[in-house]
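A.B. asks: Provide a 3D model corresponding to the input given below.
(2 chains)
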Amino acid sequence: MSRNLLPQHPVAPRARNPFRAALATAISLALGFGGAAADVSREVRFSRDILPLLSDHCFACHGPDEKGRKGGLRLDTREGALGRGKSGETAVFAGQPERSELVRRITATDPDDLMPPAKSNHRLTADQIALFRRWIAEGAEWGRHWSYEPPVRPTVPQVPGEADLGPVDAFLRARLRREGLEPSPEASRSDWIRRVTLDLTGLPPTPVEVEAFRNDAAPGAHERVMDRLLASPRYGERMAWDWLEAARYADSNGYQGDSERTMWPWRDWVVDAFNRNLPYDLFTVWQLAGDRLPAPTHEQRLATGFLRNHMINGEGGRIAEENRIDYLFDQTETVATVWMGATFNCTRCHDHKYDPHTRRDYFSLLAFFDRTVVDGGGGNPQNPPNLAGPSPEQSRRAAETERALDEAARAVAALEAERFPRPDGKPASESPAAKELPRELQETLKTAPRDRDPSRIGTLASHWKSTAPAYHEALEALRGARDRRNAAAWAIPYVMVMDDGAPGRVTRMLERGNYLKPGESVPMALPAAVAGNRAVSRTNRLDLAEWLVSRDNPLTARVTVNRFWQSLFGVGLVKTSEDFGLQGERPVHPELLDWLAVEFMESGWDVKRLVRLMATSAAYRQSSRVTPTLAERDPENRLLARGPRFRMPSWMIRDTALAAAGLLSDSVGGAPVKPYQPSGVWEEATFGTKRYEQDHGESLYRRSLYVFWRRIVGPTFFFDTASRQTCTVRTPRTNVPLHALLTLNDTAYVEAARVLAARVLAAGPDDDARLDALGLSVLGRPFTKDERTVLSRGLDRHRRRFLGDPSAAAALLGVGESRVQPGNTPAEHAAWTVVSGTVLNLDEALSQE
Amino acid sequence: MNPIQEHRQLLTRRTFLGRSGTGLGLAALSGLLGRADDTAASAAASPTGAPPRLPGLPHHAPRAKHVIYLFQNGAPTHVDLFDYKPRLQELHGKPVPEGYLGGKRFSTMTGKADGKLLLAPIEPFHRRGQSGAWVSELMPHTAGIADDLCFVKGLHTGSVNHAPGISMMLSGAEIPGRPTLGAWLTYGLGSECENLPAFVVMTSVSKGTSCGQIFYDFYWGSGFLPSRFQGVKFRGGGEPVLYLGDPAGIDRATRRAMLDDLAELNSIKLREHGDPEIATRISQYEMAFRMQASVPELADISGEPQSVLDLYGPSVREQGTFAYNCLMARRLIERGVRTVQVMHAGWDQHNSLTTELYTQCRDTDQPSAGLVADLKQRGLLDDTLVVWGGEFGRTPFIQGNLDDRKRWGRDHHPYAFTSWMAGGGVKAGLTYGETDDLGMNVVKDPVHVHDLQATILHLMGVDHERLTYRFQGRDFRLTDIHGDVVKGVIDS
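C.D. replies: Numbers count the residues shown, from 1 in each chain, chains lettered A, B, ... in the order given. Take a look at the predicted model:
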């Protein structure tokens, strides 16, 4: 048996809950990963070795939360730990473990003295106790949590015998050396191009692209592929998906009613920003404070839609201020998660139990968003402030219909001047001639023609139908013009954005987050534990945004490069990409993370450059094959002794199937689309108030990014996605039977198999050539001999069946709305459809490998 | 053990340990867990893809193996159905006396409650059965099984709005994002059913209900637990599970042949590549295939004798009705499903006490009582816990105008409400807890939502303080940091 990465620890005896004890042990083992516990010769480092123990086992009662603190002792500050406590004892006596109350208590035999108390289910191991002793003996050095220290560019390690390694690989390889592991061999060219094309565009490479790469013997072939992918408009669409999940983007409000909204011009802006490689610092500033920039452009204001993607509650009886406060909570917590990897939601009601964030920090951060005039009432999805985002065509149409309405109104006004004579400046209703008309019509005539309600114009028109045809006609024309003008105006999407229209608003700390219990007022301020004493100068969101992307912010760059790493490698360098606090995971490769963070900032926050660094690394180029050794030593592949392999996100699976079939539309942006979905899903969820009207034609084959997202009942053809209700930066990756039912039976997938089959049939004269084409289209490689045997056998079986049952063949070929390509016998086409469906459902087809 | 089983076991444990930091402690831990609970280790090797139960669970001998939660969305009016208050009759039309409302918060529809007029129960009440429980004439069938029920009259909650209230009741927190009861139970106790999900949800609403509440999927969500623990919602019309039917032109034999090829190809890949996830994929495709048969079999009620169907009332044959869903609930637990959540909307009588409340009762009374009776006659009630109730109660005072009887209503009332429980180790024929003489506040044996949750978990053999999941650095549980088991309702 090969050496395990971790030392064996004794199990806590008589733990109350074996599962929990096991979990706690696992966590402490994990924290000791390659760390001090394994190696007594290494010095004890506070932030790496001691702080996690204090946080896990002590902070719940002796941490930052003042109200929850026991015995007046706090162990989260140096003063608290090293000072004299309420009892007169000193918890940590630097240099003298035997004089330290902490040591006495964690080793106590009397259950009343023992810390952590038995009922907490926490228990320190002998190794952990030894660590505390050594740390104190060595002087009880103090420090901060690793992620609050600004990243400093570490020296790139020299790996003996590996002079050519780039920095990313040097860090990883040095670690593998320490662990006694070898990297895996390079992946085949077809595997790598499929992996990188999926990661950077969310689509598979075409057979032509695979062949070109396989035959490109000149140096720099990998880099040329990267250049092509990064320049593709598909790149921005792929990157936008993850951002939309973080931004809780949806096309409806959520909650009862779930009215539609039109935030999609913001979504299109995100795609475009990634495609033109808008530096991440500007990407940040514009989305958080674009409206606060001097003379902001339309684009900069549009970007602030990020903050307004929160749900809106239109439930009857909701209190407007309560809603408004909920939106502020959402904005605060979203920004904390996305830029700081901070779980600020904990501090809404109380000081954080583990991280040095306080309720005051929470509401000071919230104060930045509190100056925007948002009405919390009702469910208007275009809740001001908002911004019109018309397309050029929509602008033209709006102006045109406005002119037509003017003309029609003038024509009616002229006729009414004759028909209803009255003094100048008076409405037609004042004319004696109007007094004989029914009351309702008189009401209508009070309003100038241009401003009349269309249905009232209609009633007025019908009154004159037989008696005054010319007037009737002019009114009908007016009604039409008015309808067309309204339709054109309604077609223009309005995007909810930010402003600072309520500069004088005072933000108060709310007791337990309850809007009815306002307490002390707080000014805007940056989170003190991270920002130190950095003051805000302008007191608006720009202060916050600029601090987030300033060089001395320790979190933004780390949190961001980690998310991109997660997108490419499947798991972040910090697995808890949403939590960089004390209870989050510590990075597996801390120096690599810091190096990348510094590199990212110093490159001018160049996202494409960062992605290229990762994707051209040797680590990323490795084969992902799992050897028995690796399965045992590193089942989650955190050390990257092999390439990444994981099941693709469900949206990517759909796009991949459409692309392999040649069905995928390459249109970019615009209003969301409604592809195939089983009938009745919206209706059932909304008691029939929302009907799903499926689109037809090209809209069925648009990229998943453009699918309409109804917040209370998301698209049924995705799984393991963010709910789009609150900020999500990491989605689960599950493996359940319902996924199989989807990709086996959904119309979109069956149609993709049918169209793919026709492509394959046209690709060659015989089964062999056709199987090659099928393998290349879906997997980027031809099938092996063993695979061909299985597929050929299946093909024959399906052929026989469909030859004997022509109606079944016809039925299968009738699935989906696209035209059936002519020239194939139905049985042959149907048999290949089943085989294509089989291949689209292969684990390899569903995975990036 | 063959390689697939071995991989399967590896993966299951890995999933279970998925949040243990880097996860690199796996090898050390797998040995450790094997020692901790050998049975769990073998459960973990389940080749079907069904979730295993956690080691150490159940924490104690369970009284119930299944829960059926008959959730009444919209908040049934406790003072008109179960919590009989003759004094409301006496004070009908009079303002709420002082001392009952101090500082209480209601929805904006009521605003300030001062000066509100009390409203008598709209139908007479009677004592029923040996136990003498008070039940309104609105619920004749429930009255008929009163001796099988335990009425909990001292429930109270913190929410005045539906979605947060329901979220509180089902997940222990007002804000969506926590795992729900059924998800916790599946996570802790695993699945005992190879052909169906362990946690199934069905929804319905009475016809003609003007104000239905929407069913959000977080009502059966898994929150931060892995999504394989979330409830699987069976749909009220058409296929109970989406994408269940084979496409046109694909018959069962073709599907089977296709899956055989798929399994063979995936096995080739597994041998070559070694990723244990491929083994899981194979087993999940097989489960999908079995569900394609088991779900239609489940939904086929042609074998149910008329006498059984009659128990559930006239709409039992109509897919999507509460009655149909109650029958399905029984069929699901018979097949080993652990948690069934049947949700029925339309209890939000702001202005429809004298109209739509009758429809609500007609549509739910007989099916609920019929389900309990049916379970009892089959001997299933002993290990099945049935819970009936909503997210809060309704105000003892009127919403609307006293002169306009047709539009009488009651507003949301979180301070006291009634639920009933049956079977699964609960004392039958008991009324537990008491409200004041107006049904306004709890005066004896209060039961908070978290207490009810703690009790349900307890009956299922789970200690609510020990079934935890670490998320964002904190050990979360269904009952947050609260909850006491209500010992008084447990049959000893």
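A.B. asks: So what's the residue count around residue A:632?
C.D. replies: Residues lying near residue A:632 (other C-beta atoms under 10 Å in any protein chain shown) number 16. For the C-beta atoms, the positions are set from N, CA and C on the backbone; glycine is no exception.
A.B. asks: Relative to chain B, how far out is it?
C.D. replies: The gap separating residue A:632 from chain B is 6 Å, by C-beta to the nearest C-beta, to the nearest Å.
A.B. asks: Report pLDDT for that residue.
C.D. replies: Per-residue confidence (pLDDT) for residue A:632: 80.
A.B. asks: How far does the helix or strand where it lies sit from its chain's centre?
C.D. replies: Here residue A:632 is covered by helix A:628-633, with elements defined by DSSP states H and E. Helix A:628-633 has its average C-alpha position 32 Å from the chain's average C-alpha position, going by C-alpha atoms, centre = their mean, to the nearest Å.
A.B. asks: after that helix comes which helix or strand?
C.D. replies: Downstream of helix A:628-633, the next assigned helix or strand under DSSP H and E is strand A:646-647.
A.B. asks: tell me which element residue A:834 is part of?
C.D. replies: helix A:826-840.
A.B. asks: Report whether stretch B:169-187 contacts chain A.
C.D. replies: Yes - if you take C-beta under 8 Å from any C-beta of the partner chain as the test, stretch B:169-187 does meet chain A, through B:176, B:177.
A.B. asks: What's the end-to-end length of that stretch?
C.D. replies: One end of stretch B:169-187 sits 18 Å from the other (C-alpha to C-alpha, to the nearest Å).
A.B. asks: same check, this time on stretch A:722-735
C.D. replies: Distance between the two ends of stretch A:722-735: 16 Å, counting by C-alpha to C-alpha.
A.B. asks: That one near chain B anywhere?
C.D. replies: Yes - Stretch A:722-735 comes into contact with chain B (C-beta under 8 Å from any C-beta), by way of A:723, A:725, A:726, A:732, A:734, A:735.
A.B. asks: Average the pLDDT values over that stretch and round to the nearest integer.
C.D. replies: Averaging pLDDT along stretch A:722-735 yields 87.
A.B. asks: repeat for stretch A:607-616
C.D. replies: Stretch A:607-616 shows a mean pLDDT of 97 in the predicted model.
A.B. asks: does residue A:568 really touch residue A:611, like I thought?
C.D. replies: Yes - assessed by C-beta atoms under 8 Å, residue A:568 is found in contact with residue A:611 at 7.3 Å.
A.B. asks: buried sites along the helix holding residue A:632?
C.D. replies: Within helix A:628-633, the residues that count as buried by 16 or more other C-beta atoms under 10 Å in any protein chain shown are A:630, A:631, A:632, A:633.
A.B. asks: For it, list the C-alpha coordinates in CSV.
C.D. replies: C-alpha atoms of helix A:628-633 as CSV (Å, rounded to 0.1, in the frame of the first residue of the first chain):
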residue,chain,number,x,y,z
PRO,A,628,-5.2,3.0,-8.7
THR,A,629,-2.5,5.0,-6.9
LEU,A,630,-4.1,8.3,-7.6
ALA,A,631,-7.6,7.0,-6.8
GLU,A,632,-6.3,6.2,-3.4
ARG,A,633,-3.9,9.0,-2.7
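A.B. asks: Where does residue B:154 sit, in terms of helix or strand?
C.D. replies: strand B:149-156.
A.B. asks: Whatever helix or strand comes next after that strand - contacts with which helices or strands?
C.D. replies: Moving toward the C-terminus from strand B:149-156, the next helix or strand (DSSP H and E) is helix B:162-171. With contacts taken as 3 or more C-beta pairs under 8 Å, 6 or more residues apart in numbering or on different chains; DSSP states H and E, helix B:162-171 sits against strand B:66-72, helix B:449-459.
A.B. asks: Generate a markdown table for the ones you listed, with mean pLDDT, distance to chain A and mean neighbour count as supplementary columns.
C.D. replies: Shown next, in a markdown table, are the helices and strands packed on helix B:162-171 (pLDDT from 0 to 100; distance: least, C-beta to the nearest C-beta, whole Å; neighbours: other C-beta atoms under 10 Å in any protein chain shown):
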| stretch | mean pLDDT | distance to chain A | mean neighbour count |
| --- | --- | --- | --- |
| strand B:66-72 | 98 | 16 | 26 |
| helix B:449-459 | 98 | 14 | 25 |
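A.B. asks: Which among these is found nearest to residue A:551?
C.D. replies: Relative to residue A:551, the nearest member of the helices and strands packed on helix B:162-171 by C-beta to C-beta is helix B:449-459, separated by 46.9 Å.
A.B. asks: gap between the closest one and the chain center?
C.D. replies: Here the centre of helix B:449-459 is set off from its chain's centre by 12 Å, with C-alpha atoms, centre = their mean.
A.B. asks: what about the strands in chain A?
C.D. replies: All strands of chain A, identified by DSSP state E, fall at A:386-388, A:494-496, A:507-510, A:518-522, A:646-647, A:847-848.
A.B. asks: May I see those arranged in TSV, with distance to chain B, mean neighbour count and mean pLDDT as well?
C.D. replies: Listed next are these as TSV, based on distance: least, C-beta to the nearest C-beta, whole Å; neighbours: other C-beta atoms under 10 Å in any protein chain shown; pLDDT from 0 to 100:
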stretch	distance to chain B	mean neighbour count	mean pLDDT
strand A:386-388	25	19	93
strand A:494-496	21	23	94
strand A:507-510	14	19	94
strand A:518-522	15	13	94
strand A:646-647	7	20	96
strand A:847-848	8	23	96
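A.B. asks: show me the residues around the residue most central in space within chain A that make contact.
C.D. replies: For chain A, the residue sitting closest to the mean C-alpha position, by C-alpha atoms, centre = their mean, is residue A:245 at 2.4 Å. Each residue near residue A:245 by C-beta atoms under 8 Å, 6 or more residues apart in numbering or on different chains is listed here: A:721, A:722, A:724, A:728, A:729, A:731.
A.B. asks: Tell me, how many residues neighbour the residue in chain A that chain B sits nearest to?
C.D. replies: Using C-beta to the nearest C-beta, the single residue of chain A nearest to chain B is residue A:583, 1.7 Å away. Using other C-beta under 10 Å, residue A:583 has 23 other residues around it.
A.B. asks: cool, and residue A:107?
C.D. replies: Counted with other C-beta under 10 Å, residues neighbouring residue A:107 total 16.
A.B. asks: Just confirm it contacts residue A:129, I think it does.
C.D. replies: Yes - at 6.1 Å, residue A:107 and residue A:129 qualify as touching, with contact defined as C-beta under 8 Å.
A.B. asks: Give me the nearest residue to the residue in the stretch 201-350 of chain B positioned nearest to chain A, chain neighbours excluded.
C.D. replies: Scanning the stretch 201-350 of chain B for the residue nearest chain A gives residue B:249, at 2.9 Å (criterion: C-beta to the nearest C-beta). Nearest residue to residue B:249, sequence neighbours excluded (C-beta to C-beta, 6 or more residues apart in numbering or on different chains): residue A:812, at 2.9 Å.
A.B. asks: got it, and residue B:141?
C.D. replies: residue B:369 (3.8 Å).
A.B. asks: about what we covered before: which one (most neighbours) among the contacts of residue A:245?
C.D. replies: Highest neighbour count within the contacts of residue A:245, by other C-beta under 10 Å: residue A:722, with 24 neighbours.
A.B. asks: Now do the same contact list for that residue.
C.D. replies: By C-beta under 8 Å, 6+ apart, residue A:722 lies in contact with A:245, A:246, A:248, A:728, A:731.
A.B. asks: Which pLDDT value does the model give the residue nearest to residue B:141?
C.D. replies: 98.
A.B. asks: one step back: between the buried residues of helix A:628-633, which is closest to residue A:142?
C.D. replies: Nearest member of these to residue A:142, counting by C-beta to C-beta, is residue A:633, at 34.7 Å.
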